[in-house]
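1. need a 3D model of the sequence below.
(one chain, ligands or ions: 1)
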Amino acid sequence: MKTILTTVAATAMMTLPALAEKWDMPMAYSASNFHSATGAEFASCVTTGTGGDIEIVTHPSGSLFPGAQIKRAIQTGQVPIGERLLSGHQNENALFGFDSVPFLATSFDDSAKLWEAAKGPLTELLASQNLTLLYSVPWPPQGLYFKNEVTSVADMKGIKFRSYNNATTRLAELTGMLPVTIEAAEISQAFATGVADSMVSSGSTGYDRKVWESLNYFYEVDAWLPRNYVMVNSDVWNGTSEANQNVIRACAALAEYAGNWRSKEYTGFTLQGLRDGGMTVGPASDQMVGELKEIGVTMTNEWLEAAGDQGKAIVDAFNAN
Ligand code: PCA
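-> Next up, the predicted model:
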């Protein structure tokens, strides 16, 4: 009897995960946002797929680390995995800003093409920083939010502008606005208290943060589609079994596919949400679009210069497709 029990206990132990790990996953955007929803499903896919060997627990809204600290927290091993806005690292290396070059890729299809061209160099760049890229999903097209009606770049002069990366700060400078960098998680308060009265972002972020409580106009400029990406610390990745790496890669591919789909779906839904909140939503005037495109040319040239041969190779590969 004793022998049978011992055998049963030993068999049960063998089927249990040897070393169940919990991976905390900081994310910068609100829990209701489609990136966070995608991340939560990615997490449960990994937990299920690895049979509980790796349990990923997401922490949206910058609750574990604010957006600006997430990459460093992963690099230094404070957390194994997380999500961040890729162009948020443009100050480290211009290459990270490939997706925020105004009017280079302005639709979901072009964003996918641009990612195809950029994925290799970006994967290498991240690898050189001890980070393994898992998946990336674009935000919906970027438009301009204002408190008051704006029909030309001249109307923007002196307006306090919330920026989220180098490109948006530069856009503010070139349009005569006054940039202040604020994480998405903090913008409702910034607009309510008058720290900023405008921004460039997607309908999605305006909707998530209920900006109609402070702002009145959204102009659909479709200037670019910046990307979020999920990264894992490379030491942690290399210490993960091949079987579990395969599961994580498969869950990441699924998340990228589903996230793209969600981003498209969320575009129209959130623009309607802004309207329902009382905002005027529509295209920018021809004059404003023309002036912004000129600024786009300046910013494209500046980015190409900063990003060097690798940047040029990405743009060339994108244009060749
Ligand atoms: N929302 C994020 C980045 C781009 C977007 O659409 C933000 O505003 O911070």
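2. from here on, contacts and neighbour counts on C-alpha atoms
-> Will do.
3. per-residue confidence for whatever residue of the stretch 101-250 of the chain ends up closest to the ligand?
-> Closest contact between the stretch 101-250 of the chain and the ligand, by Cα to the nearest ligand atom, is at Ser202 (3.7 Å). Predicted confidence (pLDDT) at Ser202: the value is 98.
4. please determine how far it is located from Thr193.
-> Separation of Ser202 from Thr193 (Cα to Cα, to the nearest Å) stands at 21 Å.
5. any idea of the mean pLDDT for stretch 297-310?
-> 98.
6. can you list the residues that contact it?
-> With contacts defined as Cα atoms under 8 Å, 6 or more residues apart in numbering, stretch 297-310 is touched by 93-95, 97-98, 101-102, 104, 121, 167, 170-171, 311-312.
7. most neighbours, which of these?
-> Within the contacts of stretch 297-310, neighbour counts (other Cα atoms under 10 Å) peak at Phe98, which reaches 28 neighbours.
8. what sits against that residue?
-> Taking Cα under 8 Å, 6+ apart as the definition of contact, the neighbours of Phe98 are Ser87, Ala118, Trp303, Gly311.
9. among the residues you listed, which lie within helices?
-> In helices, defined here by DSSP state H, the members of the contacts of Phe98 are Ala118, Trp303, Gly311.
10. closest one to Leu131 out of the contacts of stretch 297-310, please.
-> The shortest separation between Leu131 and any of those is 13.2 Å, and it belongs to Pro121 (by Cα to Cα).
11. residues of the helix or strand that contains that closest one that come out buried?
-> Counting by DSSP states H and E, the secondary-structure element that holds Pro121 is helix 108-127. Neighbour counts over helix 108-127 (16 or more other Cα atoms under 10 Å) mark 108, 110-115, 117-118, 121-123, 125-126 as buried.
12. quick check, the helix or strand in which Val137 is found touching the ligand?
-> Counting by DSSP H and E, the element that carries Val137 is strand 131-138. No - for strand 131-138, no contact with the ligand is found by Cα under 6 Å from any ligand atom; the gap never falls below 8.5 Å.
13. list the strands paired with that strand, with their directions.
-> Taking DSSP bridges as the criterion, strand 131-138 sits next to strand 227-233 (antiparallel) in its sheet.
14. after the strand it pairs with, next one along is what?
-> Where DSSP H and E defines the elements, the next helix or strand beyond strand 227-233 is helix 234-238.
15. pretty sure Ala172 sits against Pro179.
-> Yes - under the criterion of Cα atoms under 8 Å, Ala172 lies in contact with Pro179, with a separation of 5.7 Å.
16. ok, the two, which is more surrounded?
-> In this view Ala172 and Pro179 are compared by other Cα under 10 Å, and Ala172 has more residues nearby, 25 against 22.
17. please tell me how far the more buried one sits from Pro140.
-> Separation of Ala172 from Pro140 (Cα to Cα): 20 Å.
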